[in-house]
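[1] Here is my input, please return the structure:
(chains A and B)
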2 protein chains.
Amino acid sequence: MAISDQDRKLERERIAQLVLDLIKVRGTEISLTVAAAESGVSRGRFDQIFEDYDDLFDAVAQKWLAPHISVMEEVVALDMPPNRKMYEFFRRRFVISRERFQSDPEYFAIVCEMGATNFERVRSYVDLADHYLSELIVQAQADGYFAGLDIDQTLSLINQMISNYTVPDSLLYLGDRLTEEKLARIVDTIFIGLSAEAGEAAAGVNMLKVAS
Amino acid sequence: MAISDQDRKLERERIAQLVLDLIKVRGTEISLTVAAAESGVSRGRFDQIFEDYDDLFDAVAQKWLAPHISVMEEVVALDMPPNRKMYEFFRRRFVISRERFQSDPEYFAIVCEMGATNFERVRSYVDLADHYLSELIVQAQADGYFAGLDIDQTLSLINQMISNYTVPDSLLYLGDRLTEEKLARIVDTIFIGLSAEAGEAAAGVNMLKVAS
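    As a prediction, this is how the structure comes out:
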């Protein structure tokens, strides 16, 4: 008997969580075969729920990233100044990752590695984060920030300057050198300093401008 | 017969370069045994030159990082404004890494991985880079930049904001999204925006200050 859409959705979520729990307990990635064997459903039914490993990976990634997606949505809806909002946009996700890292560093490292290995499959999450960050940039530009830069330039520069707080692997290398206080300083530095003027002094091209 | 200090030094450099050439040709890390077999000297002599794998690794790392160290020394000696100097400090090393990456991405990736695996052994290079960057920060502070921040705070924040241009692995992930133009913008953003005031607005603690 074919599984109903509703049951399939529930089963995907249940098994995705089960896979995350198994990774945590066993300290290793979980193959499709193991996931099927542990799922409590027949292999025939399992194959109706997940097409292949990639499909299972997507469900697991979605489960893992759900809290990040939900705080991004929360922050975008907040009514606060753009610098406060951007700080919260990064801070809340950083706090989720840090809590996970601190409560089980080994588990956290395995999930990071799975994400790195299957990077193309988490791209939709990265795209979503870029989409929301672009919205925040537009709001900030309406208030006069990032003058003279287009959205994509601003997006790329902010992502580069803030990457240690968004790429989860950074916690493995930098640990408690990453703090909310430093993140706040970086966000303010970006809001104070980043505009089309930036890049001219360091690159040594503003002397002509000053002289003209 | 024991090897002279002078010969030992020359042989270390020759074999370190040989190991780098072998990594490039064979596309894999080179073990101590293989290095000894390919070195053209007897195993007894090889053991006089290198104590163990760690010692060989140090010589290889030193050879690989020599151009980076020499541009850092050059830049620190330059007589130019602190923002220009800091840009050059990062730009020249970034250009070396980018050229290496572009000319042979696979070779570059293997060397990066070796560095990551033996991170504690490249720490002295990281410490040296921090030492020179601290000098640049002191010079910049003498000109009024980074007001109210101590050297270590400034160092940590700059390292975090610029890390995609110093951590060589970033080239593997970001490729041509890393550019000298963006680096210049980031350095200027840091010079314009970074001070003890930064962090208050984003964190939402400057309202009291404004009101007082």
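
[2] For chain A, what lies in contact range of chain B?
    Residues of chain A that fall close to chain B, judged by C-beta under 8 Å from any C-beta of the partner chain: A:80-81, A:83-84, A:86-87, A:156-157, A:160-164, A:174, A:177-178, A:180-194, A:197-204. The way it works is simple: take the backbone N, C-alpha and C, and place the C-beta from them, glycine included.

[3] Going through those residues, which ones are buried?
    Buried residues within these, counting neighbours by 16 or more other C-beta atoms under 10 Å in any protein chain shown: A:81, A:83-84, A:86-87, A:156-157, A:160-164, A:174, A:178, A:180, A:182-194, A:197-203.

[4] And the helices in chain A?
    Assignment of helices within chain A using DSSP state H yields the ranges A:5-26, A:32-38, A:43-49, A:53-77, A:82-103, A:105-117, A:119-142, A:151-162, A:169-174, A:180-193, A:206-211.

[5] from those, which stretch is densest packed?
    Of those, the one with the most neighbours on average (mean count of other C-beta atoms under 10 Å in any protein chain shown) is helix A:180-193, at a mean of 23.

[6] what pLDDT, on average, does it get?
    Mean per-residue pLDDT for helix A:180-193: 96.

[7] Please state the offset of that helix from the chain centre?
    With C-alpha atoms, centre = their mean, to the nearest Å as the basis, helix A:180-193 stands 19 Å off its chain's centre.

[8] Stretch A:105-116 too?
    Between the centre of stretch A:105-116 and the centre of its chain there are 14 Å (C-alpha atoms, centre = their mean).

[9] same question, stretch A:37-54
    On C-alpha atoms, centre = their mean, the centre of stretch A:37-54 falls 28 Å from the chain's centre.

[10] Output it as CSV, restricted to C-alpha atoms.
    Provided in CSV are the C-alpha atoms of stretch A:37-54 (Å, rounded to 0.1, in the frame of the first residue of the first chain):
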residue,chain,number,x,y,z
ALA,A,37,17.5,-1.3,9.5
GLU,A,38,17.0,1.0,12.5
SER,A,39,13.9,2.8,11.2
GLY,A,40,11.3,0.3,12.5
VAL,A,41,9.6,0.1,9.1
SER,A,42,10.0,-2.5,6.3
ARG,A,43,12.6,-1.8,3.7
GLY,A,44,9.8,-1.5,1.1
ARG,A,45,8.2,1.2,3.2
PHE,A,46,11.5,2.9,3.9
ASP,A,47,12.1,3.2,0.1
GLN,A,48,8.8,4.9,-0.2
ILE,A,49,9.8,7.4,2.4
PHE,A,50,13.4,8.1,1.0
GLU,A,51,14.4,7.8,-2.6
ASP,A,52,18.1,7.5,-1.9
TYR,A,53,20.9,8.6,0.5
ASP,A,54,20.8,12.2,-0.9
